[in-house]
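> fold the following and give me the result.
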Amino acid sequence: VSTQSTGSSGINAEYGGDKSTRALGYEDYYTLVFVVSTFPVELSQILAKHTKSVPKKFIRHFKTFYNLSDFVAVILFMVGFVIKSRLEAESIDKYNLNIFSEYHQYRLIASMCFAFYCFRFIQMFEINSKIGPKLFMIKRMSIDLFFFLFLLMVFTMTYSIASEALLYPFNDEPLGDTIFAAVKRAYLNVFGDINPDGMDDKLISGHCNNNTYNSTFNYINNVAVAAIFQEKLDDEGISNCTGITIDLIKDTVVGSTNYYITFGLLCLYLLFVNIMLINLLIAIFSNTYADSEAKSGIIYKTQRAEVILEFKERPWLPNPLSLFYFVLLAAHKLLDKCVCRKKLYRSQIKKVNRQNASFNAFRASLIEAECVTIYLRRKKMMSASTTVLLEQLQLKFMGLQNTVERVEKQIKKSVGNPPPKCVSPTVELESGCTKDDRPPHRFARVSPYAGNGEIERAAVPDDRVSWSVFHEWYDPLDYTSDAVESTDTDDMESIQFNTVHETTKLDRTSLYKPYDVIDGDPINPCGRTGIKGRGCLKLWGPNKFAVTIITRWARPGTGNVFSIKNKQVIEVLLVRNDKTPTFTLPKMQVDAMIEDKHHKLVVKSTCFDYEDVSAVESANVDKLIDKAFAEKSTHIYEGYFDDSVNTDNAWLEVQVTSILLEGAFSTTPPAKGKDVEETAWTMLNKKALVRQNDAWLLKTACNKLRCYNPWKGEVLL
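Here you go, the predicted model:
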C-alpha cells in the first residue's frame with residue numbers, strides 16, 4: 001500500500017503536481033458553439049414534419065438513425081463538457097488509476113461522442129449511386145446479424161458455463177469475473193483462440209519451488225489441491241516439495257474425466273458454430289445482398305430524395321454560422337408580429353402557401369420520375385410479350401387455315417376431282433425440300449411480313465409448302481423494300497448462283513443444299529413462303545449470318561454454379577437494337593464463306609466497344625477471345641433458318657457457334673457496340689423471351705452443352 005502511494009506521488013511530481021490546472025481552450029468553446037448551433041437546426045427539422053401532433057413530430061424525427069445519432073452525440077458532448085469544466089475547479093488526481101475519476105469519465109464520454117459523430121458522417125455517402133445502395137445493404141445485414149447473435153448466444157452460453165464448471169472445480173473467484181472469463185474464452189474459441197489443455201497453467205500445475213508444504217498450501221489456497229500435494233509427498237517419502245509438481249488432469253480421476261468431457265463439448269461447439277451458424281450467416285447475407293442489388297436503383301433514388309428533402313429544411317449557412325440565420329429569422333418574426341403584423345399578414349400567408357406548393361411540387365416531381373421509369377420498364381416488357389402473343393395467334397390462325405384447306409381438299413376428292421399434279425408453278429424442280437426432308441417452315445409464312453407490317457403474305461397450308469406439290473391459287477405479292485433495293489442487282493442473268501463470284505468473291509452457295517434457279521430467280525429450298533422478291537433482305541438467294549451464342553455459367557448470390565435437377569444452368573448474352581423490340585442472339589451478315597474470325601468479330605463487337613479503344617487494348621481483347629474460342633467453343637448448327645423475313649427468292653442461312661466464357665473474362669461488363677442498343681445476361685433457368693426461332697437455337701445449344709434445357713420436351717422448328 002505504501003509503495004502504491006509513493007508511486008502515485010512520484011508520477012504526479014514528474015508531470016508537474018497532482019492538480020489539473022489547464023484551463024479550457026479556444027477549441028473547446030468553439031466546439032461548444034458548434035454543437036449548440038445544432039439545437040435550432042434540429043428543432044426546425046422537427047417542427048417541419050408534416051403532422052399536427054408535436055409528440056408525433058419527435059417520434060418521426062428520431063426514427064431516422066442519423067437524427068438519433070445527432071441527439072446522442074450532442075447529449076454526450078454536453079455531459080462531457082460539464083465534467084471537463086469541473087476539472088478546472090476541483091483537485092483531481094488523474095494519475096491514480098485505482099480510482100475512476102472524473103478525468104477518466106470525461107475521456108470515456110468524449111471518445112463515445114467522437115464515435116457517434118463519425119457514424120453521422122456516413123450520411124453524405126448515401127447520395128452516391130455506387131455507395132448508397134451498399135449502405136442500405138449494411139443496414140439490412142446489421143438487422144440480420146442482430147437476430148443471428150441470439151442463436152450464437154445460446155450456443156456460447158451453453159458451452160461456456162458447462163466448460164467452466166468442469167474445468168475449474170476449485171475456482172473461488174467472484175461470480176462476475178467467472179462468467180466474463182467463461183464467455184470470453186468461448187467467444188474467442190470461435191475465431192481460433194483455443195487452449196488444447198483447457199486450463200490456465202496456475203490451475204494445471206502447482207509449483208512449490210523451494211517452499212515447504214505449508215507455504216505451498218498457502219499459495220494454492222485450496223484444501224483439495226493441498227491434499228493432493230500431501231498424498232504425492234507421502235508416496236515419494238519426502239518432507240520437502242522442492243521440484244514436485246502436480247497435474248490436476250493426469251493425477252486426478254475427476255480432472256481427467258472432466259477434461260475429456262470438455263474436449264467433446266468443445267468439438268461439438270465448434271462444429272455447430274463455426275460450420276453451421278457461420279455458413280448460415282453467410283447464406284443470409286448473400287440473400288440480403290442479392291435482394292438489395294436487384295432494387296439498387298430504387299434504393300439510390302429514395303435515399304437521395306430523403307437527403308434532398310432533409311437538407312431543404314435546413315438553413316443554407318453551415319454550423320455555427322447558422323446561429324446568425326436563426327437570430328435574423330427570430331428578429332424578422334418579432335418585427336412582423338409587433339410592428340407591421342396587419343400589413344404583412346396576407347403576404348406572409350401567400351409566402352407560406354407558395355412554399356408548401358413548391359415543396360409538394362418537388363415531391364410530386366420525384367414520384368413522377370420514378371413512376372415514368374417503372375412505366376417505361378413495364379412497357380418494354382409488355383411489348384416483348386405482346387409480340388410473342390401475336391406470333392402465337394398468327395400460328396393458330398395458320399392452323400385454322402390449314403384445316404380449311406384440308407377440308408376443301410377432301411371435298412374436291414369426294415366430287416371426283418383429279419389429285420393435284422406434283423409440279424411447280426412453271427416447271428418441275430430437280431431439287432427442293434420435300435416433306436421427308438424437314439418440317440415445313442413456320443415463321444417464314446407468318447403474315448403480315450416482318451419487314452413491313454402492311455404487306456400480307458399469301459396463305460400457304462402445310463401440305464402446299466413444298467414446290468413439288470401443285471398450288472393452283474398461289475399468286476404471291478412481289479415485294480422488295482426500298483431500303484435494300486440498291487444492295488443487290490436486279491440483273492438476274494449477271495448473278496452467279498450456287499457459286500462464288502469470280503471477281504467480287506461474293507459467296508452465293510447454300511449452307512443447306514444447292515437450290516434451284518427458275519427463270520433467273522433463286523427458289524427457296526424449303527418451299528413457299530407466300531411472298532416473292534427480296535423483302536427486306538440484302539441479297540438474292542441465301543443471306544448468310546454468323547450467329548454466336550455467348551454463354552457463361554450462372555453463379556447467382558454465393559458464386560457457385562447454379563443447378564436444376566443436377567444440370568448446371570447457363571447464362572446467355574442477348575442483344576437488342578432499334579429495329580427489333582425483342583432480344584436476339586448476337587449475329588452479323590457475312591458475304592463470304594463463314595469462318596471463326598467472323599464469330600470472334602461478333603463477340604468483340606458485342607462485348608467490347610472496340611472502335612473507341614486503343615490498338616493495345618484491342619490486341620489484348622483479341623488474345624482473350626482467341627483463347628476462349630480455342631478452349632470453349634462448340635459448333636451448334638449450320639443450314640437454313642426459319643425466319644419471318646424469308647421470301648420465295650431470298651432467305652436466311654446461319655452458322656451457329658457457342659462460346660463459353662470463364663474466369664475474369666466472363667465477369668467483364670459488356671460494352672455495347674455501335675449497332676447495339678442494349679445487352680443483357682439472361683439465365684436459362686426458364687424460357688427466355690427471344691425473337692422467333694432463336695429459341696430453337698438456344699434449345700440446341702443447351703443439348704450440345706449438356707446443361708439445363710428449359711425447352712426440354714417441347715417441339716421447336
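> tell me the mean pLDDT over the helix or strand hosting residue 334?
Following DSSP states H and E, one finds residue 334 within helix 322-338. The average pLDDT for helix 322-338 rounds to 75.
> and for stretch 598-605?
So the average pLDDT for stretch 598-605 ends up being 86.
> quickly note the distance from residue 494 to residue 502.
12 Å (CB to CB, to the nearest Å). Placement of C-beta: from N, CA and C, glycine included.
> packing partners of the helix holding residue 334?
Counting contacts by 3 or more CB pairs under 8 Å, 6 or more residues apart in numbering; DSSP states H and E, helix 322-338 packs against helix 38-47.
> give the next helix or strand downstream of the helix it packs on.
Downstream of helix 38-47 (by DSSP H and E), the next one is helix 54-62.
> and the angle for that next one with helix 38-47?
Angle of helix 54-62 versus helix 38-47, following axes from the mean of the first three to the mean of the last three CA atoms, to 10 degrees, is 110 degrees.
> okay, buried residues for helix 54-62 please.
The neighbour-count check on helix 54-62 (16 or more other CB atoms under 10 Å) flags 57, 61 as buried.
> quick one, the helix or strand just after it and helix 54-62 angle?
Moving toward the C-terminus from helix 54-62, the next helix or strand (DSSP H and E) is helix 65-87. Relative orientation of helix 65-87 versus helix 54-62 (the same axes, to 10 degrees): 90 degrees.
> which parts of the stretch 501-650 of the chain are strands?
With strands called from DSSP state E, counting those that start in this stretch, the stretch 501-650 of the chain shows them at 517-518, 521-522, 531-535, 541-553, 563-564, 567-568, 570-576, 587-589, 633-641, 650-660.
> out of those, flag the one nearest residue 481.
When the strands of the stretch 501-650 of the chain are compared by CB to CB, strand 531-535 sits nearest residue 481, at 6.4 Å.
> list the pairing partners of that closest one within its sheet, with orientation.
Counting by DSSP bridges, the strands paired with strand 531-535 are strand 477-480 (parallel).
> pull out the buried positions in the strand it pairs with.
Applying a neighbour-count criterion of 16+ other CB under 10 Å, the buried positions in strand 477-480 are 479, 480.
> ditto for stretch 121-133
123, 126, 127, 132, 133.
> in helices, which of those residues fall?
Within the buried residues of stretch 121-133, residues falling in helices by DSSP state H are 132, 133.
> name the nearest of the buried residues of stretch 121-133 relative to residue 597.
For the buried residues of stretch 121-133, the nearest to residue 597 is residue 133 (41.1 Å; CB to CB).
> right, and that closest one touches residue 292 too?
Yes: Residue 133 lies in contact with residue 292 (CB atoms under 8 Å); the separation is 6.2 Å.
> identify the contacts common to the two.
Shared contacts of residue 133 and residue 292 (CB atoms under 8 Å, 6 or more residues apart in numbering): residue 299.
> can I get the buried residues of stretch 121-133 in JSON lines including pLDDT and distance to residue 373?
Output for these, formatted as JSON lines (pLDDT from 0 to 100; distance: CB to CB, whole Å):
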{"residue": "123", "pLDDT": "73", "distance to residue 373": "25"}
{"residue": "126", "pLDDT": "75", "distance to residue 373": "19"}
{"residue": "127", "pLDDT": "74", "distance to residue 373": "18"}
{"residue": "132", "pLDDT": "78", "distance to residue 373": "17"}
{"residue": "133", "pLDDT": "80", "distance to residue 373": "16"}
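> just to revisit the earlier point, wait, which of the strands of the stretch 501-650 of the chain is closest to residue 619?
Closest approach to residue 619 among those is made by strand 650-660 (19.1 Å; CB to CB).
> who does the closest one pair up with?
strand 541-553 (parallel), strand 633-641 (antiparallel).
> would you mind finding the most buried of those strands?
strand 541-553 (a mean of 24; mean count of other CB atoms under 10 Å).
> where's the residue positioned nearest the centre of the chain relative to residue 556, distance?
Centroid-nearest residue in the chain: residue 293, 3.8 Å away (criterion: CA atoms, centre = their mean). To residue 556, residue 293 is 10 Å away according to CB to CB.
> do residue 541 as well
Where residue 556 is concerned, residue 541 sits at a distance of 45 Å (CB to CB).
> coming back round to it: what residues are up against the closest residue to the residue nearest to the centre of the chain other than its chain neighbours?
With CB to CB, 6 or more residues apart in numbering as the criterion, residue 293 has its nearest non-adjacent residue at 7.3 Å, and that residue is residue 133. Contact analysis of residue 133 by CB under 8 Å, 6+ apart lists 292, 293, 295, 296, 299, 300.
> can I get the strands paired with strand 650-660 in a markdown table with distance to residue 74 and mean pLDDT?
Shown next, in a markdown table, are the strands paired with strand 650-660 (distance: least, CB to CB, whole Å; pLDDT from 0 to 100):
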| stretch | distance to residue 74 | mean pLDDT |
| --- | --- | --- |
| strand 541-553 | 52 | 93 |
| strand 633-641 | 65 | 91 |
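> out of those, flag the one nearest residue 681.
strand 541-553 (7.4 Å).
> quick one: residue 605 and residue 598 touch, right?
No: between residue 605 and residue 598 there is no contact under CB under 8 Å: 10.5 Å.
> identify the contacts common to the two.
Contact criterion CB under 8 Å, 6+ apart; residues shared by residue 605 and residue 598: residue 588.
> just to be sure, residue 155 is in a helix?
Yes: counting by DSSP: H, G, I helix; E, B strand; the rest coil, residue 155 is part of a helix.
> and residue 152, how far is that from residue 105?
Using CB to CB, residue 152 is found at 32 Å from residue 105.
> buried residues, stretch 698-708. List them.
Of the residues in stretch 698-708, those with enough neighbours to count as buried (16+ other CB under 10 Å) are 698, 699, 700, 701, 702, 705, 707, 708.
> repeat for stretch 182-190
Quick answer for stretch 182-190 (16+ other CB under 10 Å): 182, 183, 185, 186, 187, 189, 190.
> try stretch 143-152
So for stretch 143-152, counting by 16+ other CB under 10 Å, buried means 148, 152.
> same check on stretch 385-403?
Neighbour count says stretch 385-403 has 387, 391, 394, 398, 401, 402 buried, by 16+ other CB under 10 Å.
> columns pLDDT on top of those, output as CSV?
Listed next are the buried residues of stretch 385-403 as CSV, based on pLDDT from 0 to 100:
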residue, pLDDT
387, 73
391, 72
394, 73
398, 75
401, 75
402, 72
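> which one of those sits closest to residue 177?
residue 387 (74.1 Å).
> ranges for the helices of the stretch 201-350 of the chain?
201-204, 213-220, 223-236, 253-270, 278-294, 296-312, 322-338, 341-414 (DSSP state H, counting those that start in this stretch).
> if you average pLDDT over each of those helices, which is lowest?
When the helices of the stretch 201-350 of the chain are ranked by mean pLDDT, helix 213-220 comes last with a mean of 36.
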